[in-house]
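>>> Fold the following for me, if possible:
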Amino acid sequence: MTNQQDTRRRARSYSEGARITKERMTREAPLDAAALAAVQASDVVVVHGIYDHVEQVLGALEMPHTAVAPQQFGAVDLRPEQLLVVNCPGQLDRRDVLRIRDFVASGGSLFTTDWALRHVIEDAFPGTIAYNERPTGDDVVRIEVRASDNPFLRGVIDPGEDP
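Numbering: from 1, shown residues only. From the prediction side, this is the model:
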């Protein structure tokens, strides 16, 4: 399969997933759907990555967001009410990692993908979460959720699922 075919397949998958998600949210969580509809581009900041592209998922959801290259991140104005998404590999300079730490400490929400664990989370929050030094291939890796009642996990991990 060519890269172009992969890209088209991925876009179709994202679009279908977005449709299903919106329908389910409208039906089961109308207040969440209304909150999602009120999101502005400055509310969600996405740092581009090489391997993951959360901005494509957000685009399929028609969710406004601001996407920046890692080199542009220092110029981004961070506010506690924002969601910050750092795509893999999350290679930011030390000043930016410290800004992320301060952003989360002030109430901001951080979502990262796999290798940003090593490059962002470990540095920003030492002793909180850590890479176990066992690399994987393109595998699905089990996670342990400590706070299953966290509102950010609502609809992501259903009761009885083993993520």
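
>>> what ranges of the protein fall below the confidence cut-off?
1, 143, 145-146, 152-153, 155-156, 163 (pLDDT under 70).

>>> Which residue ranges of it form helices?
3-28, 30-37, 54-60, 94-105, 116, 122-124 (DSSP state H).

>>> Format the ones you listed as JSON lines; extra columns: mean neighbour count and distance to residue 136.
Every residue, glycine included, has its C-beta placed from N, CA and C. Below are the helices of the chain laid out as JSON lines (neighbours: other Cβ atoms under 10 Å; distance: least, Cβ to Cβ, whole Å):
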{"stretch": "helix 3-28", "mean neighbour count": "12", "distance to residue 136": "21"}
{"stretch": "helix 30-37", "mean neighbour count": "12", "distance to residue 136": "32"}
{"stretch": "helix 54-60", "mean neighbour count": "19", "distance to residue 136": "20"}
{"stretch": "helix 94-105", "mean neighbour count": "16", "distance to residue 136": "24"}
{"stretch": "helix 116", "mean neighbour count": "25", "distance to residue 136": "15"}
{"stretch": "helix 122-124", "mean neighbour count": "18", "distance to residue 136": "17"}
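
>>> Nearest to residue 86 among those would be which one?
Between residue 86 and the helices of the chain, the shortest separation by Cβ to Cβ is 4.6 Å, and it involves helix 116.

>>> Would you indicate which residues of stretch 74-94 are buried?
Buried residues in stretch 74-94, counted by 16 or more other Cβ atoms under 10 Å: 76, 78, 82-92.
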